[in-house]
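Chemist: Give me a model of this one.
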Amino acid sequence: MTEPQASGAATGKNPITALRERIAARPNYPWYVVAVTCVGSFMGQFDASVVQLALPDLAVRFETRETVVSWVALAYVVAFSAALPPFGRLCEMFGRKRLYLLGMTIFLVTSALCGMAGSLGELIAFRVVQGVGAALLGANSIAILVHAAGNERRPRAMGYFSAAQAVGVSLGPIVGGLLLGSFGWPAIFWVTVPVGIVGVAVGWLVLPDDSPSPRENGFDWLGMVLLGPAIVALVVVLNHAADWGIASAPSLSLLVAGVALLALFIWRERGAKAPMIDLKLFGSRPFSLGVFAVMLSFALLYGMFYLMSYALIRGLHEPPTRAGLRMSAIPIALGIAAPIAGMLVKRYTTATLSLFGMALSTTALLTLSLIALEPVPSRAIGMVALAVFGAGLGFFMAPNNSATMGTAPKGLSGEAGAMLNLARMLGVSLGVASAASMLRFQTARISAETQTDVFFYGHPMLGAVESSFGLMFGIALVATVATLIRRRLAPEA
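Modeler: Below you'll find the predicted structure:
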């Protein structure tokens, strides 16, 4: 008969410490760590998608223009993007677990503060702080996941991570529509609070302790001063290019300032004793191509979201709730396909799976262009095409992310993970900005040719969206070429 395991009191250990040791000793412990990182990934994506849905209500509530209230979304993106690179370095210096949990705590506290905001200024300020908390999560999540999963489990773990992001995106418009209709806009911020509380508690128990590794040469403060404003300038240009025009004075001024600061940052990092971003990362061409492909894949995803929202609401005149349900076919299929792709990496190379995924997505785009959005559209074929598009991105994203992390130089997994998350955020901005600009150009062209109001007449709007799919084909083509080059440079991937 097996003797009962000694309790924490009997062994002289704190009961919590004993519980954490028992959890760490379980065979499936690495997957517990992966699950905790997926919670943070889910929260960030859910919050981003649900806020987009609430912007019209916020404009009415605070009696302001939609261009002003758009800063509720933009403030989060800007803060996240600017804070992510320095946190990638600081987390190595002060310990990943503690800063990951700090980021989740900041996120849930500011979620509650956003729900209690009494003015638009307060809401935007809280969103900035929330973006900083999300950056702490983003700077740590992939590094913690990769370390816990190891090389053998990494592809499958990255698949689950991509699935968590997709589930967060898909639930945003569905849950957000219900919350907005039933409880009002504050509810969309309060809903993530209990998820964050569970994430902090479970993360404290499950995440492995790590030792800080302070660097002898300190932290590159000048690099941070140069990079932060550069990212802010470039992200703002991407998000407002469609409204301002890329040739307008504000766009050109910010673009020149962002590029100049970025060039100064690169010059600084080459000679810094303790660079904030070790440029050795980009000395690996497969890694650089993988990061580029990450950005393009998210540009493809969010550009598609933008175009299909206009096709469904302005072209097919569907109510927002139904349109949201139809569009959720993309992230739901992505969430199903990504873990499957992660498991298939043992049988096929990541490049093969990524190319297969991009082929699926382009086939879906072709189907939408030729059949689903014709003057007598087929809703059923359209739903299938959207699901195939999402599944294709799932087969592309998970293997590409895993291969990219696998080609990162040893000892730089933390910075590599931060770069992947930064590329994701830049891809979101690039996709929405480019799709908005293309749709604006196509609607102006079709309006001039047909003498109709494209924005409120169904079929011309569908024609404008179909024409804008050419941009999506272009992005998919560039991502395919980047993957082919990466496969040539790293055949084993």
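Chemist: by contact count, what packs against the helix or strand harbouring residue 134?
Modeler: Taking DSSP states H and E as the criterion, residue 134 maps to helix 120-183. If you count contacts as 3 or more Cβ pairs under 8 Å, 6 or more residues apart in numbering; DSSP states H and E, helix 120-183 packs onto helix 29-61, helix 71-94, helix 96-115, helix 186-190, helix 320-327, helix 329-344, helix 379-406, helix 413-450. Glycine gets a C-beta too; all of them are placed from N, C-alpha and C.
Chemist: Save those helices as CSV, and put in mean pLDDT too.
Modeler: As requested, the helices and strands packed on helix 120-183 are exported to CSV (pLDDT from 0 to 100):
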stretch, mean pLDDT
helix 29-61, 80
helix 71-94, 80
helix 96-115, 90
helix 186-190, 89
helix 320-327, 73
helix 329-344, 85
helix 379-406, 86
helix 413-450, 78
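Chemist: Which among those helices is found nearest to residue 275?
Modeler: Smallest distance to residue 275 across the helices and strands packed on helix 120-183 (Cβ to Cβ): 8.3 Å, for helix 71-94.
Chemist: Now do the closest one: which elements does it pack against?
Modeler: For helix 71-94, the elements it packs on are helix 29-61, helix 96-115, helix 120-183, helix 221-244, helix 413-450, judged by 3+ Cβ pairs under 8 Å, 6+ apart.
Chemist: domains of this structure?
Modeler: Structural domains of the chain, as assigned by automatic domain parsing, span the residue ranges 26-215, 220-273, 278-493.
Chemist: Mind putting those into TSV with mean neighbour count and distance to residue 15?
Modeler: TSV is the format used below for the domains of the chain (neighbours: other Cβ atoms under 10 Å; distance: least, Cβ to Cβ, whole Å):
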stretch	mean neighbour count	distance to residue 15
domain 26-215	20	12
domain 220-273	17	41
domain 278-493	21	32
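Chemist: Ramachandran angles for residue 117?
Modeler: Backbone torsions for residue 117, taken as degrees, to the nearest 10, come to phi -60, psi 140.
Chemist: Tell me how far the closest residue to it other than its chain neighbours lies from residue 48.
Modeler: Nearest residue to residue 117 in three dimensions, chain neighbours excluded: residue 123, at 3.9 Å (Cβ to Cβ, 6 or more residues apart in numbering). Distance, residue 123 to residue 48, by Cβ to Cβ, to the nearest Å: 15 Å.
Chemist: likewise residue 333?
Modeler: In terms of Cβ to Cβ, residue 333 sits 19 Å off from residue 48.
Chemist: pLDDT at residue 452, what is it?
Modeler: Looking at residue 452, its pLDDT is 54.
Chemist: repeat for residue 456
Modeler: In this model, residue 456 is scored at 42, pLDDT.
Chemist: Same question for residue 217.
Modeler: In this prediction, residue 217 carries a pLDDT score of 56.
Chemist: Over to residue 7?
Modeler: For residue 7, the pLDDT comes out at 49.
Chemist: The one 3 residues further on too?
Modeler: Among the per-residue scores, residue 10 holds a pLDDT of 50.
Chemist: Repeat that for residue 242.
Modeler: At residue 242, the predicted lDDT confidence score is 66.
Chemist: With residue 2 instead?
Modeler: Per the predicted model, pLDDT is 43 at residue 2.
Chemist: same deal with residue 375?
Modeler: pLDDT, residue 375: 50.
Chemist: before we move on, which element is residue 296 in?
Modeler: Per DSSP H and E: helix 285-310 holds residue 296.
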